[in-house]
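1. My questions concern the predicted model and sequence given below.
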Amino acid sequence: MKTLHIADWTPQALSVALTLAEKGLPFEVEHHDWRALAQALEGFTATLEPGNTLEGEFPLLVDGDATLCDSHFILEYLDDACPEPALRPDDAYGQWRLQALARFLGERVAPAIASLGVSRRFADAPATTREEPDMLRATSLPRERRDAWAAALAGPISPHLRDESQRKIGLFLERIESELDTSGGPWLLGTRFTLSDIAAFVLAKPVFEASLGVDFAPGARAARWFEQVAGRAAVASVLADQTMAFLPGPEHARWG
Amino acid sequence: MKMTEKPVLYHWEPNANSGKPMLALAEKGVEFTSVYIDMLEFDQHKPEYLAINPMGTIPAMTHEGHLLNESTAIMEYVDARFEGPSLRPSDPAERWKMRWWMKYCDQYYAPCASMVAWDLFTGPRVRDKDPEELKARIDAIPLEERRIAWRKAIYGLFSEEELAESRRRVMEASALFEANLEGHDWIVGNTFSLADINAFNLVYILPHMAETMKLPSVDPVRTPRTMEWLRRMYQRPSIKTIWALSRGSMGIDIDAEANREFA
Ligand SMILES: N[C@@H](CCC(=O)N[C@@H](CS)C(=O)NCC(=O)O)C(=O)O
C-alpha cells in the first residue's frame, strides 16, 4: 500500500493524489499538522532527500522501501513503476517537452502561486496560528526553509514579490496557450492526457478560480483545457473531497 | 530504434549547463556537430543564435527539426533517443533519486556556486569592454532573469548578503553531496547515471575555487569521497572527448586530475 504524507492539500500534494487516482492505484493519506512539521519530518531521516527537498516539506510518498519527495519526480516515479495507463508521451521529444515544462512550472510558477496563496492565507490569520510553530526553531530544517516559514507567518508579501509573482503567472498563462498551440490539443502535449496536464492543472486551479486575490484573464484555449481536466472522472472524484490550501513553497530563483 | 540524424549542439566550455549534454552525448557514443558559443563574447544573445534558441541561453540542441533547451531535459532526451549504454537506472526508485539530485544541483548547488564565480570571474572578464557596448549587450538579453544576472556581474552589484548566502549554501550542498556518496561509487548507488554527469560539471571547478575564491567547499580533507568521485569521473574516456572541444577557459589539466594522489 502506498501512503501519501501531506500537510494540507497544497497544489503539489494534489498532483500526487490526482496521478494515483488517474492510475487507479489505492493509497492512504496521512495528515501532518504544519505547525509540527519539523517533528513530523523526523520520521523520514533514513534518507537524505526528504529533509532537503527544494519544493517544501510535503508531500512525501512512501511506497514499500522508498520514500519519495518532490512532487514532479513522484509523478514520474509513478509512471515508471506503474506504466498503465501511460501518463507520458511515448517518444523522446514528447518526454523532453514534459520535462522542460516541469522545470518551468517548478522553478517559475510554483513559487509565484505559493507566494500569493500563502500571503492570503496567513496575512490576517488569527494570532494563535502564528505562535511559535516548532519549525521556526527546528535546526533539522535547512535555514532557508525556516526563513521561508518565518516570512510566511510574518504577514503579507512585499509589493515587489507580489509583482514578481504576478509577472510569473502571466508567463504561465502564455505558456499554456503556446503549448496547446504547438500540440494542437486537446491536452498540453497533444492527444494524450499526461503528467504535464496534472502538474499544470494544480497550479492553474487557484488562478482560474481567482482565489489568489489577483485577477488574471486566461485565454479561451487555456480555459477550455482547464475545464476538460477538471471534468475527468478521476480528477473530479479527488477534488470533490479536498480543498486546496497553501503552505510555503519553493523559493523564487535567486539566480536566473 | 531507427537510425537518426546527427544532432547539433550549441555549447560553451565543457562546464555547468553546457557540459551536461556534451558529456551525455560522449558517454552515449553519439556523434554530434559542435558549435562553440563564446559566452564571454555574448554570442548567445546574437540574432543568429536567437533565431535558433529564442531563450538566448546555452546549451541548445537541434535534432530532427526540433529545438531542445534546458540542459537536464536534453540529457534525458539523449539517453532516450540514441543507442548506446543506458545512462538512467532502470529501477524506478533509483531513477527518482537520479532526478532528485539533478534538481538539487540545478536549482540549489550550481546557481550558488555560479553566483560566486560570476562575481569573481565572469564579471571581471568582460567588465573592461567599452561601456556603451556592454550596455547594448545587456539590453539584448531576452530573459529578464539573465539580464539581471549579467548586470550584477558586470557592474559588481551582487550584495554582500546574497554572496554570503550563496557561499553558505555551497558549503551546505557540498556536505550533503559528500554524505550521499557514503558506501557507493556513484550518486545513485552503484550505477553511473546522468546525475553524475550533471554534478560533475558543477563540482569539478570547486576544488579550484577553494583558494582563488576563498570557498573551501570541496577538498581532500573536508570531502574525501567527493574528491575520489571526481577522480573516477576524470578517468572516464568521455572527459577527453569533450575537453577536445574546449578552448581552455576552464584551465583544468584533466590528466593531472585523473592521476591525482591523495595523502
Ligand atoms: N536552465 C537552463 C539554464 C541555461 C543557462 O542559463 N545557461 C547559462 C550558461 S551555464 C547561460 O546561457 N548563460 C549565458 C547568459 O546568461 O547570457 C539549462 O539548464 O540549460
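-> Structure's in. What do you need? Since this is a predicted model, take the numbers as computed values, not measurements.

2. contacts and neighbour counts: CA atoms only from here.
-> Fine.

3. quick one, phi psi at the closest residue to chain A within the stretch 101-250 of chain B?
-> Taking C-alpha to the nearest C-alpha as the measure, the point where the stretch 101-250 of chain B comes nearest chain A is residue B:145, at 4.3 Å. Note on residue B:145: its backbone torsions stand at phi -60, psi -40 [degrees, to the nearest 10].

4. List the residues that contact it.
-> Taking C-alpha atoms under 8 Å, 6 or more residues apart in numbering or on different chains, we find residue B:145 in contact with A:255, A:256.

5. any idea how far it lies from residue B:16?
-> Separation of residue B:145 from residue B:16 (C-alpha to C-alpha, to the nearest Å): 17 Å.

6. Next: residue A:216.
-> Counting by C-alpha to C-alpha, the gap from residue A:216 to residue B:16 is 36 Å.

7. Show me the shaky parts of chain B.
-> Within chain B, the ranges that satisfy pLDDT under 70 run B:1-3.

8. Contact residues of it facing the ligand?
-> B:16, B:17, B:18, B:39, B:57, B:58, B:59, B:69, B:70, B:71, B:72, B:146 (C-alpha under 6 Å from any ligand atom).

9. Among the residues you listed, which one lies nearest to residue A:80?
-> The shortest approach to residue A:80 among those belongs to residue B:72, at 18.2 Å (C-alpha to C-alpha).

10. circling back to that earlier point, could you measure from the residue of the stretch 101-250 of chain B closest to chain A over to residue B:136?
-> 17 Å.

11. sorry, back to before: residue A:216 and residue B:16: who's more crowded?
-> The residue with more neighbours, out of residue A:216 and residue B:16, is residue B:16; 23 against 15, by other C-alpha atoms under 10 Å in any protein chain shown.

12. where do the helices sit along the stretch 151-256 of chain A?
-> Ranges of helices within the stretch 151-256 of chain A are A:159-183, A:195-208, A:220-230, A:233-241, based on DSSP state H, counting those that start in this stretch.

13. Which neighbouring elements make contact with the longest one?
-> Contacts of helix A:159-183 with other secondary structure elements, assessed using 3 or more C-alpha pairs under 8 Å, 6 or more residues apart in numbering or on different chains; DSSP states H and E, are made with helix A:110-123, helix A:220-230.

14. which residues are contacting whichever helix in chain B runs longest?
-> Longest helix in chain B, counting residues (DSSP state H): helix B:160-180. Contacts of helix B:160-180 with the rest of the structure, by C-alpha under 8 Å, 6+ apart, involve A:48, B:108-109, B:112-113, B:115-116, B:187, B:215-218, B:223-226.

15. closest to residue A:99 among those?
-> For those, the nearest to residue A:99 is residue B:108 (18.0 Å; C-alpha to C-alpha).

16. Could you pull up the contacting residues of the closest one?
-> Neighbours of residue B:108 in contact, by C-alpha under 8 Å, 6+ apart: A:54, B:169, B:173.

17. host element of residue 147?
-> This is for chain A. Assessed by DSSP states H and E, residue A:147 sits inside helix A:143-154.

18. Correction: the question concerned chain B.
-> Assigned by DSSP H and E, residue B:147 falls within helix B:144-155.

19. Flag every residue of the stretch 1-150 of chain B that's near chain A.
-> Applying C-alpha under 8 Å from any C-alpha of the partner chain, one finds that the stretch 1-150 of chain B approaches chain A through B:68-70, B:73-74, B:76-77, B:80-81, B:92-93, B:95-96, B:99-100, B:104, B:107-108, B:111-112, B:115, B:144-146, B:148-149.

20. What's the PyMOL line that selects buried ones from these?
-> Listed next is the PyMOL selection for buried residues among those, using 16 or more other C-alpha atoms under 10 Å in any protein chain shown:
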select buried, chain B and resi 68+69+70+73+74+76+77+80+92+93+95+96+99+100+104+107+108+111+112+115+146+149
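
21. In strands only, show me the residues of the stretch 1-150 of chain B next to chain A.
-> Mapping the residues of the stretch 1-150 of chain B next to chain A onto strands (DSSP state E) picks out residue B:68.

22. Next step: the residues of the stretch 1-150 of chain B next to chain A restricted to helices.
-> Checking the residues of the stretch 1-150 of chain B next to chain A against DSSP H, those in helices are B:73-74, B:76-77, B:80-81, B:92-93, B:95-96, B:99-100, B:104, B:111-112, B:115, B:144-146, B:148-149.

23. any idea which helix or strand carries the residue of the stretch 101-250 of chain A found nearest the ligand?
-> The nearest approach of the stretch 101-250 of chain A to the ligand comes at residue A:103, 7.9 Å away (C-alpha to the nearest ligand atom). Secondary structure assigned from DSSP H and E places residue A:103 in helix A:92-104.
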